[in-house]
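K.L.:
output the structure for:
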Amino acid sequence: MRLICISILTVLSTACATSFDAVVGAQIADTYRLPADYAEHRVQQQFFESPDGRIAFTDHGTGPALVLLHGVPTSSWMYRKVIPDLQAHARVISVDLLGYGSSDKPDDDGTVYTPTAQAQRIASLLDSLSVQSYGIVMHDMGGLVAWEMLRADPTAIQQLVVLNTIVHQDGFDHPDFKPGVFTRQMTRAMAGDLTSATALRLTFRSLGLTGDAALTEAECFGYVQPMREGADPALYAFYSSLDQALYDRLDDNRALFQRYSGKSLVLWGERDEILTTAQLPFLIEHLRTPPANVHIYPEQQHFLAEEIPAELVQQIAVLLQN
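P.N.:
You can find the predicted model right below:
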């Protein structure tokens, strides 16, 4: 079984040889712009104090609120190419889930990193920002958090934008990791091993990030640096949770999706080998997504926000305008 996410994680847990001191103290405009490097992105972030630790987020633009949720092992950095243009159409709130990005990375007692706990923190953050209704853009593991937010308050969510997200057991070519010593050692290595920026760029290139979408060394650093800051508890919690209880809960989403009355948009890279298009029948049938709102990109893979950011902005803007 080709486990692309293992390859991603193994390399993303490394350091790119660059410094982000160059922009510390720089004057950053209130409007989010494409950051030159990860330090500039961090300067843009604000923090929300949750009971379990600080949650980092950016909040830019006006109009309907749109919450961007990342997956494993990424952060809001993944959306850096989308936010500047998307904020012309919406109030864009891009979150680093607890354990990732610039957010705190506490030890896990078995409850800290569950999708339900993550969803409750995002709901508290939105409440602190006086956001009562919103849309969600989700990727990868971010879908698990989005489904729990939908389960908790289905009337608050007006739009669901699904980007190669965990939907169902069918079509999820997941790593078969069990709780225990091996998985814990592996996730510690993912968050601590060092390798070259070139190796990281080659790995992303193998996932379709070529040409204009190829990652620079500074972009590599934006993925790697937060991993090296203690992300292993969150990684372990995710990988050790891929069990039958999770898949049963996903199967229960058929009833949850039927109750949802908002809009949905599906944008999917067809060449993704970990979250394949076999995820889509369950999603489209039960979420009742109209065919015009389902876009499958035959040449793209897992990271559409890196590969075709302008296309994402265009499709999301149409959804918000309609």
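
K.L.:
contacts only, for the nearest residue to L97 once chain neighbours are set aside.
P.N.:
Taking CB to CB, 6 or more residues apart in numbering as the measure, L97 lies nearest to Q118, with 5.3 Å between them; neighbours along the chain are not counted. Glycine gets a C-beta too; all of them are placed from N, C-alpha and C. Neighbour list for Q118: 97-98, 145, 148 [criterion: CB atoms under 8 Å, 6 or more residues apart in numbering].

K.L.:
change it to 10 Å
P.N.:
For Q118, the contact set (CB atoms under 10 Å, 6 or more residues apart in numbering) comprises 50, 52, 55, 69, 95, 97-100, 112, 141-142, 144-146, 148-149, 234.

K.L.:
which helix or which strand is home to it?
P.N.:
For Q118, the element it lies in under DSSP states H and E is helix 115-128.

K.L.:
restricting to C-alpha, output that helix in CSV.
P.N.:
Extracted in CSV, the C-alpha atoms of helix 115-128 (Å, rounded to 0.1, in the frame of the first residue of the first chain):
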residue,chain,number,x,y,z
PRO,A,115,-11.8,16.1,16.7
THR,A,116,-14.6,17.0,19.2
ALA,A,117,-12.2,18.9,21.4
GLN,A,118,-10.7,20.7,18.5
ALA,A,119,-14.1,21.6,17.2
GLN,A,120,-15.1,23.0,20.6
ARG,A,121,-12.1,25.2,20.7
ILE,A,122,-12.8,26.6,17.2
ALA,A,123,-16.4,27.3,18.3
SER,A,124,-15.1,29.2,21.3
LEU,A,125,-12.7,31.2,19.2
LEU,A,126,-15.5,32.1,16.8
ASP,A,127,-17.7,33.1,19.7
SER,A,128,-15.0,35.4,21.0
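
K.L.:
can you pull the buried residues of that helix?
P.N.:
For helix 115-128, burial by neighbour count (16 or more other CB atoms under 10 Å) applies to 115-123, 125-126.

K.L.:
any idea which helix or strand comes after that helix?
P.N.:
On the C-terminal side of helix 115-128, the closest following helix or strand by DSSP H and E is strand 134-140.

K.L.:
partners of that next one, with directions?
P.N.:
When sheet partners are counted by DSSP bridges, strand 134-140 sits next to strand 65-69 (parallel), strand 157-165 (parallel).

K.L.:
list the helices and strands the helix or strand following the first one packs on?
P.N.:
From strand 65-69 onward toward the C-terminus, using DSSP H and E, the following helix or strand is helix 83-86. Helix 83-86 sits against strand 53-60, strand 65-69, strand 91-96, helix 309-321, with contacts defined as 3 or more CB pairs under 10 Å, 6 or more residues apart in numbering; DSSP states H and E.
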